[in-house]
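[1] below: sequence and its predicted model.
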Amino acid sequence: MSWFKRKDKGIQTPTEAKKEAPDGLWFKTPSGKIVHTRELKNNAYVSPEDGYHARIGSKEYFEILFDNNKFTELDPEMESADPLKFADSKPYPDRIKATQEKTDLKDAVRTAYGKLNGIDITIACMDFNFIGGSMGSVVGEKIARAIDHSLKEKIPFLMISKSGGARMMEAGLSLMQMAKTSAKLALLSEAGIPYISLLTDPTTGGVTASYAMLGDFNIAEPGALIGFAGPRVIRETIGKDLPKGFQSAEFVLEHGFLDFIVDRRNLKSKLSILLKMLQ
């Protein structure tokens, strides 16, 4: 039977014969622009029409930054325990296991070393898909060990932040990671080894209050949400309306908290130029 049936009312397609596009074939930006996912990937996951930077994780950033996507991952099997026996609607270990199966990640950060345009570098990159990129003990420990690797090898360290803040299921242990990573970065500074912090969408909470804003250079992607508390909380606290674009990368840059904003399509070349200048 032919796919189309011509009737008086024109061409009609039977319901059982209708075909739908596979899920994930197209990507729609907040401004309504439609782009094929293959084109999006080839464009460093940036919409070519409006420049929207889609959220990506460590897998994609490593592909973009490491030469030929070759790198050695540090502590790939490290995962969270449950020292506080956190009680919630779903036990913390069960939530960790379910998230690991869903995302194919062990926790909210991956660390690795390799070459970026021929320059040796250590990179730590957060994954927002893993419990909102929340900072727990594993995140702090892996970042600390990555910094140790940079100290040992005397190579630059790049931190790519994307997080909702501290992980509430680890309470005080999560907050301790702020001091832990900051102390390690102080050692990096004393050794004169460059630290570049890249803030992506979103970077908030305890991550912003610690390692994300401690770089020798603090840079960000266009349109990234950067802040400590959320806009709603701040608005209710001060009782005033917030400025337009509040907590966007552009707003933060204008007020002196960033060194520059870099388009992801130019990220690798800009980083290599900056690192060569520092060397």
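    Now that the structure is in, tell me what you want to look at.
[2] do a quick rundown of the helices in the stretch 51-200 of the chain.
    58-65, 92-103, 137-153, 171-190 (DSSP state H, counting those that start in this stretch).
[3] helices or strands up against the longest one?
    So the one you mean is helix 171-190. helix 137-153, strand 195-203, helix 205-208 (3 or more Cβ pairs under 8 Å, 6 or more residues apart in numbering; DSSP states H and E). (Each C-beta comes from the backbone N, C-alpha and C, glycine too.)
[4] pLDDT of that helix, averaged?
    Across helix 171-190, the average pLDDT comes to 96.
[5] with the third one instead?
    Mean per-residue pLDDT for helix 137-153: 98.
[6] mind starting the numbering at 373 from now?
    All right, first residue 373 from here; so that's helix 509-525.
[7] residues touching stretch 606-624, excluding its own?
    For stretch 606-624, contacts defined as Cβ atoms under 8 Å, 6 or more residues apart in numbering pick out 571, 592-599, 601, 603, 630, 633.
[8] how about the helices and strands packed on helix 543-562, which one is nearest P463?
    Of all the helices and strands packed on helix 543-562, helix 509-525 sits nearest to P463, with 16.9 Å by Cβ to Cβ.
[9] can you give me the distance of the nearest residue to L557 once chain neighbours are set aside to K478?
    Excluding the flanking residues, the one nearest L557 by Cβ to Cβ, 6 or more residues apart in numbering is L586, at 5.2 Å. To K478, L586 is 25 Å away according to Cβ to Cβ, to the nearest Å.
[10] and if you look at A555?
    According to Cβ to Cβ, A555 stands 24 Å off from K478.
[11] same check on F434?
    15 Å.
[12] and for G429?
    Taking Cβ to Cβ, one finds G429 at 13 Å from K478.
[13] coming back round to it: pLDDT check: weakest of the contacts of stretch 606-624?
    On pLDDT alone, P603 ranks lowest of the contacts of stretch 606-624, at 80.
[14] list the contacts for that residue?
    P603 touches L614, F618, Q619, counting by Cβ under 8 Å, 6+ apart.
[15] by neighbours, which of those wins?
    Using other Cβ atoms under 10 Å as the neighbour test, the contacts of P603 are led by Q619, with 21 neighbours.
[16] so what's the nearest residue to it once chain neighbours are set aside up against?
    Spatially, and ignoring its direct neighbours in sequence, Q619 is nearest to G599 (3.9 Å; Cβ to Cβ, 6+ apart). With contact set as Cβ under 8 Å, 6+ apart, G599 has these partners: T575, T576, T580, I606, Q619, V624.
[17] one more: K552?
    By Cβ under 8 Å, 6+ apart, K552 lies in contact with G512, E513, A516.
[18] test my guess that the second one contacts A453.
    No. No contact is recorded between E513 and A453 when judged using Cβ atoms under 8 Å, the distance being 11.2 Å.
[19] the closest residue to D520 other than its chain neighbours and R482, how far apart?
    Distance criterion Cβ to Cβ, 6+ apart; nearest residue to D520, sequence neighbours excluded, is K556 at 7.2 Å. For K556, the distance to R482 (Cβ to Cβ) stands at 17 Å.
[20] more neighbours: which of those two?
    A count of neighbours by other Cβ under 10 Å puts R482 above the other of K556 and R482, at 26 against 22.
[21] circling back: got a winner among the contacts of G599 for most neighbours?
    Of all these, the highest neighbour tally under other Cβ under 10 Å goes to T575, namely 31 neighbours.
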